[in-house]
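Asks: Predicted model and sequence below, questions to follow.
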Amino acid sequence: MRATSPDERPKVCLVAATPLTIHFFFRKFVVALAEWADVTLVYNEGVDVDVQPLVLPAEIISVPIARQIAPFRDLVCLFNLYGIFRLRQFDLVITLVPKAGLLASLAAKASRIPERLHIFQGEFWSSKSGFLRFLLKTCDRITAASSTALLAVSASEKTFLLEEKVVGSRDIEVLGQGSISGVDTALFRPDRESRHEWRKGFRIEEDERLLLFLGRINRDKGVEELIDASRRLLGDFSDVKIAFVGPDEENLMRGMETAFGKQIGTRIICPGLTRTPEKWLNAADILVLPSYREGFGVVALEAAACEVPVVATRIHGLTDAVVDGVTGMLVPPRDTDALHEALSTLLTQPESRARLGREGRVRAVAEFEQEVVVKKYVDFVSELLGR
């Protein structure tokens with residue numbers, strides 16, 4: 001808690017590995033926080049250039065934080081962060097995502113930053129095994145031990161972290177019903193005109209059905225299983241198209257080209273990163289999120305707000321975002337057959353798709369309105385700073 005004058009603007013630093021995290025999940029939070037605090041953002045400006053500049057009321061410091069394990073670079077970043085924190089003397093450092101969380105929480109503790117908040121939003125090691133799982137899990141334990149406050153973005157994630165003994169029961173909280181940023185239900189809403197125009201631009205006919213994957217295209221998002229299920233679906237349904245929308249982080253386009261051949265660009269749409277996810281969601285008939293790990297799965301909320309049903313995996317995080325049989329369908333992770341069956345079922349049941357979509361919108365508005373969720377985070381930070 002701060003010992004300075006309450007009239008003085010506190011200094012808050014947010015640290016993430018990439019600007020994409022802040023762009024998609026923390027924009028509204030940064031804007032709200034900057035009304036009464038001086039905010040600094042630390043991330044790697046050398047990646048995710050498509051979302052830059054962020055154009056936020058905050059100072060930006062670039063540190064080349066690598067998302068993957070890179071011992072020498074990580075050590076350099078640790079010392080860079082230590083130097084920044086010693087020089088700036090922030091009142092609070094907020095850390096996001098695993099690698100940035102580990103390095104920045106250690107540097108902040110060594111720099112004697114009085115308040116250090118880490119937000120858990122999906123554990124990379126939860127889908128791993130053997131020594132790698134042990135190593136990454138240990139890193140999360142170190143992050144937790146180096147922080148003065150901890151948040152999880154969903155109740156099921158909190159339970160998972162407790163069961164895995166990463167944190168203690170008194171150490172971690174979930175704000176409200178969870179999620180990292182809620183959903184802007186004024187932006188993410190059913191829009192028939194937008195649906196028509198967006199589908200027309202990508203040559204999707206009105207009587208065709210569109211399955212949508214929206215997010216980072218990598219293996220942990222279950223993209224390989226979705227590719228396999230999609231090959232079968234294209235054979236089963238002549239009026240189905242599938243869009244993979246997001247940055248290709250692991251060069252999975254090669255696998256898509258092998259799997260789909262000449263269907264790429266016709267029945268398979270791969271436009272890359274989008275700045276208008278709400279348009280894609282309005283164009284879609286079903287959102288597919290077959291992840292191995294998620295902290296919450298905000299895109300599932302965004303789909304629900306657009307009255308789009310969701311087929312997702314039954315893992316911690318997504319069980320909070322999707323209510324099975326009410327707002328979507330949950331299937332086991334890594335199970336191509338179950339994924340194919342669930343998608344086939346919804347494709348043949350337009351009444352079920354409409355019902356799940358309507359219920360999703362009702363739940364998104366009632367429990368996850370963005371202004372309410374962001375206020376909970378700002379209030380939590382305000383309390384940490386003794387305001």
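Replies: That came through fine.
Asks: Please count neighbours and contacts with C-alpha atoms only from this point.
Replies: Fine.
Asks: Where do the strands of the chain begin and end?
Replies: Using DSSP state E, the strands assigned to the chain run over residues 11-15, 38-43, 59-62, 92-96, 115-120, 149-152, 172-173, 209-214, 240-245, 268-272, 286-289, 310-313, 328-331.
Asks: Please identify the deepest-packed of those.
Replies: Per residue and on average, the most neighbours among these fall to strand 310-313, with a mean of 28 (mean count of other C-alpha atoms under 10 Å).
Asks: gap between that strand and the chain center?
Replies: How far strand 310-313 lies from its chain's middle: 15 Å, per C-alpha atoms, centre = their mean, to the nearest Å.
Asks: Compute the number of surrounding residues for R254.
Replies: 9 (other C-alpha atoms under 10 Å).
Asks: ok, now E249?
Replies: 11.
Asks: how close does it get to R216?
Replies: As judged by C-alpha to C-alpha, to the nearest Å, E249 and R216 stand 7 Å apart.
Asks: rewinding a little: dump the strands of the chain into TSV; add distance to V166 and mean pLDDT as well.
Replies: Converted to TSV, these look like this (distance: least, C-alpha to C-alpha, whole Å; pLDDT from 0 to 100):
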stretch	distance to V166	mean pLDDT
strand 11-15	21	98
strand 38-43	25	98
strand 59-62	30	97
strand 92-96	16	96
strand 115-120	11	97
strand 149-152	11	97
strand 172-173	10	95
strand 209-214	30	98
strand 240-245	33	98
strand 268-272	35	96
strand 286-289	26	98
strand 310-313	23	98
strand 328-331	26	98
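Asks: Check the closest residue to F296 other than its chain neighbours and give its pLDDT.
Replies: Among residues not flanking F296 along the chain, G317 sits closest, at 3.9 Å (C-alpha to C-alpha, 6 or more residues apart in numbering). On pLDDT, G317 comes in at 93.
Asks: Turn the strands of the chain into JSON lines, including distance to A229.
Replies: Output for these, formatted as JSON lines (distance: least, C-alpha to C-alpha, whole Å):
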{"stretch": "strand 11-15", "distance to A229": "37"}
{"stretch": "strand 38-43", "distance to A229": "36"}
{"stretch": "strand 59-62", "distance to A229": "40"}
{"stretch": "strand 92-96", "distance to A229": "33"}
{"stretch": "strand 115-120", "distance to A229": "31"}
{"stretch": "strand 149-152", "distance to A229": "32"}
{"stretch": "strand 172-173", "distance to A229": "37"}
{"stretch": "strand 209-214", "distance to A229": "11"}
{"stretch": "strand 240-245", "distance to A229": "11"}
{"stretch": "strand 268-272", "distance to A229": "13"}
{"stretch": "strand 286-289", "distance to A229": "11"}
{"stretch": "strand 310-313", "distance to A229": "13"}
{"stretch": "strand 328-331", "distance to A229": "13"}
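Asks: Tell me which of the ones you listed lies nearest to P190.
Replies: strand 286-289 (13.4 Å; C-alpha to C-alpha).
Asks: contact partners of that closest one?
Replies: Taking contacts as C-alpha atoms under 8 Å, 6 or more residues apart in numbering, the residues outside strand 286-289 that touch it are 210-214, 221-222, 281, 300, 303, 308-313, 353.
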